[in-house]
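Chemist: One predicted model, sequence on top.
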Amino acid sequence: MAPPYPFNSDIKLHELTPEQARLAQQIEIEWPGEQRATAPAERAAAEAAIAGLYQIVGAKVPRFVWVDSPGGARYVFGDWIGSMGSAIVPRLADDDASARGHWLLRRLGGHCMVDPGGLGNRYRDPPSSSNRFRRRWDERLGLWAELLRSCGGWWPWERVCVISERPVEIHAEPWPRRGDGAVRLHRADGAAMTYRDGWSLYALHGRWVPEDIVTGARTGTPEALTSATDVAALIADSGSEAMADIVGRLRGADLRGVVFPTGTDLQGADLAGADLRFADLSDAGGVGCVGAELAGANLAGADLRQADLGPVVDLRRANLSGADLSGQSLTGAPEVGISTLAGAMLHGADLSGVALVADLGGATWNTATRWPAYAASRIRELSDQMADGTFRVSGERQIVSQHTIRR
């Protein structure tokens with residue numbers, strides 16, 4: 001789970017009884033309210049819960065280290081990696097690994113797969129068919145709930161466990177699609193979560209974003225009559241059925257960080273000039289889609305940097321003139337397929353730094369189009385110059401792959 005829930009609060013949900021699964025799901029969406037979520041951590045309760053979780057898997061109670069924020073943990077263990085998901089995961093330095101031991105989060109959360117680091121069969125649950133397994137899970141769920149109610153997150157190793165204080169300020173919005181009472185981190189005009197040492201997180205509709213995405217100016221080409229904030233809020237509160245009435249209002253909209261509902265039909269949609277940075281369009285498509293389906297969409301002048309388009313992107317016949325896709329991934333997935341830009345209009349589009357494994361057959365471009373450095377000469381070889389000075393990639397199907405070009 002992502003903040004505002006405590007860091008590293010995901011728990012395994014399979015192989016449980018129906019009642020245990022219901023309780024686990026409730027723990028995952030339980031929101032204690034802003035007053036409790038920003039109060040000082042209940043340190044004794046958190047340490048007792050963690051000690052119990054270690055003992056359940058047969059591990060010794062670790063040494064506890066408290067920090068004022070997840071960012072403060074870098075002063076305990078040096079270099080840290082910030083992920084855009086539910087955890088901030090430490091990079092273990094060789095000279096510190098023996099003092100910390102193995103990373104135990106998955107074991108403590110009930111996952112039975114072998115963790116990296118040679119844990120082997122240590123700290124494993126008993127067979128799922130046994131009464132002991134059910135009793136252990138009843139106890140684990142109780143301790144897990146107590147842990148999440150008492151601190152701001154934890155990072156458990158075999159011999160030491162880092163625990164964070166709660167934040168002092170949280171900005172969240174309801175998340176109806178997740179269930180009654182669920183919330184997600186969101187603030188459009190500042191830090192969404194701030195800790196007592198000043199460390200902050202920025203988030204839009206539950207997606208972590210860099211500070212400048214929130215505090216900087218929007219990009220794209222705003223429409224004079226577009227109420228961008230209202231459109232983004234409508235999408236956040238809507239299901240795929242209601243999206244049919246909203247799709248016609250997306251031209252020039254500020255859609256930074258917006259998560260489009262599963263099944264949203266964006267084929268042929270007018271998204272010209274929209275700021276889609278960090279938006280999630282990965283489920284915008286039909287049943288069984290594995291990426292954004294934007295065939296025939298008008299994305300002229302749109303900013304798609306850092307947008308999540310999913311593993312296989314359909315941009316057939318899309319108008320991408322002047323669009324910014326720099327740094328994007330337009331590749332594919334094994335046994336699923338590859339992305340397609342077949343027939344797309346790419347005049348003046350910025351595709352610099354794009355990871356490309358896609359069908360470009362019939363796509364048109366001009367001298368202002370910016371291709372990935374490794375692909376530019378190959379695409380020129382595959383293209384015919386048209387009477388108006390533009391270029392068209394020849395053939396109905398022309399696969400351009402970073403893997404074969406770079407060899």
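Modeler: Perfect, thanks for sending it.

Chemist: chain center to stretch 280-289: distance?
Modeler: Remark: stretch 280-289 is offset 15 Å from the chain centroid, using CA atoms, centre = their mean, to the nearest Å.

Chemist: Give me the residues contacting that stretch.
Modeler: For stretch 280-289, contacts defined as CB atoms under 8 Å, 6 or more residues apart in numbering pick out 207, 258-266, 291-294, 307-310, 314. For the C-beta atoms, the positions are set from N, CA and C on the backbone; glycine is no exception.

Chemist: redo that, cut-off 10 Å
Modeler: Residues outside stretch 280-289 that contact it (CB atoms under 10 Å, 6 or more residues apart in numbering) are 205-207, 240, 243, 247, 255, 257-267, 269, 271, 290-295, 297, 304, 307-314, 336.

Chemist: Just the buried positions in stretch 258-265, please.
Modeler: Going by neighbour count (16 or more other CB atoms under 10 Å), the buried part of stretch 258-265 is 258, 259, 260, 261, 264.

Chemist: Those into TSV, with extra columns for distance to residue 163 and pLDDT?
Modeler: Converted to TSV, these look like this (distance: CB to CB, whole Å; pLDDT from 0 to 100):
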residue	distance to residue 163	pLDDT
258	33	88
259	30	87
260	36	88
261	36	85
264	40	86
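
Chemist: can I get those in TSV with secondary structure?
Modeler: Listed next are those as TSV, based on DSSP: H, G, I helix; E, B strand; the rest coil:
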residue	secondary structure
258	coil
259	strand
260	coil
261	coil
264	coil
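
Chemist: Quick one: these as TSV, columns for distance to residue 393 too.
Modeler: As requested, the buried residues of stretch 258-265 are exported to TSV (distance: CB to CB, whole Å):
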residue	distance to residue 393
258	32
259	33
260	29
261	33
264	29
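
Chemist: so which of these would you say is closest to residue 11?
Modeler: Checking the buried residues of stretch 258-265 against residue 11 by CB to CB gives residue 259 as the nearest, at 22.8 Å.

Chemist: which ones are touching the closest one?
Modeler: Contacts of residue 259 by CB under 10 Å, 6+ apart are 175, 177, 184, 204-207, 235-236, 278-284, 308.

Chemist: and if we set it to 8 Å?
Modeler: Here residue 259 is in contact with 205, 206, 207, 235, 236, 279, 280 (criterion: CB under 8 Å, 6+ apart).

Chemist: Would you map the strands across the stretch 101-250 of the chain?
Modeler: Remark: strands assigned in the stretch 101-250 of the chain by DSSP state E, counting those that start in this stretch are 154-156, 160-164, 169-170, 172-174, 183-185, 193-194, 200-201, 203-204, 207-208.

Chemist: lowest-pLDDT helix or strand in this structure?
Modeler: Taking mean pLDDT, DSSP states H and E as the measure, the helices and strands of the chain show their lowest mean at strand 80-82, namely a mean of 39.

Chemist: Let me see the backbone angles for the nearest residue to residue 359 once chain neighbours are set aside.
Modeler: Closest residue to residue 359 apart from its sequence neighbours, by CB to CB, 6 or more residues apart in numbering: residue 340 at 4.3 Å. With angles defined as degrees, to the nearest 10, residue 340 sits at phi -140, psi 130.

Chemist: which residues of this structure fall in helices?
Modeler: 18-29, 34-37, 43-56, 74-77, 94-100, 105-108, 131-150, 211-215, 228-237, 240-246, 376-381, 402-405 (DSSP state H).

Chemist: Tell me the buried residues in stretch 156-173?
Modeler: So stretch 156-173, judged by 16+ other CB under 10 Å, has buried residues 156-168, 170-173.

Chemist: no wait, stretch 369-385
Modeler: Per 16+ other CB under 10 Å, stretch 369-385 contains these buried residues: 369, 370, 371, 372, 375, 378, 379, 382, 383.

Chemist: Could you list which of the residues you listed belong to strands?
Modeler: In this view, these that belong to strands under DSSP state E are residue 383.

Chemist: And the furthest pair within the buried residues of stretch 369-385?
Modeler: Across the buried residues of stretch 369-385 (CB to CB), the longest gap, 16.9 Å, separates 370 and 382.

Chemist: how many neighbours does the residue nearest to residue 359 have?
Modeler: Using other CB atoms under 10 Å, residue 340 is surrounded by 24 other residues.

Chemist: And it, what's its pLDDT?
Modeler: Looking at residue 340, its pLDDT stands at 95.

Chemist: what is it paired to in the beta sheet?
Modeler: Applying DSSP bridges to residue 340 gives these bridge partners: residue 314, residue 359.

Chemist: if I pick it, what's in contact with it?
Modeler: Contact analysis of residue 340 by CB under 8 Å, 6+ apart lists 313, 314, 315, 316, 358, 359.

Chemist: is it true that the third one touches residue 294?
Modeler: To tie it back to what came earlier, the one meant is residue 315. Yes: Residue 315 lies in contact with residue 294 (CB atoms under 8 Å); the separation is 5.4 Å.

Chemist: the more surrounded of these two?
Modeler: residue 315 (30 against 26).

Chemist: Chain neighbours aside, what residue packs nearest to residue 204?
Modeler: residue 257 (2.5 Å).

Chemist: how many neighbours does the one you found have?
Modeler: By the criterion of other CB under 10 Å, residue 257 has 27 neighbours.

Chemist: same question, the one 10 residues further on
Modeler: Other residues lying near residue 267 total 19 when counted by other CB under 10 Å.

Chemist: Just confirm it contacts residue 299, I think it does.
Modeler: No: counting by CB under 8 Å, residue 267 does not reach residue 299; the two are 12.0 Å apart.

Chemist: I'd like the distance from the nearest residue to residue 61 once chain neighbours are set aside to residue 45, if you could.
Modeler: In space, and not counting its chain neighbours, residue 61 is closest to residue 51: 4.5 Å by CB to CB, 6+ apart. As defined by CB to CB, to the nearest Å, residue 51 lies at a distance of 11 Å from residue 45.

Chemist: Over to residue 153?
Modeler: Counting by CB to CB, the gap from residue 153 to residue 45 is 15 Å.

Chemist: Pick out whichever of those two has more residues nearby.
Modeler: The neighbour comparison of residue 153 against residue 45 (other CB under 10 Å) goes to residue 153, with 26 against 14.
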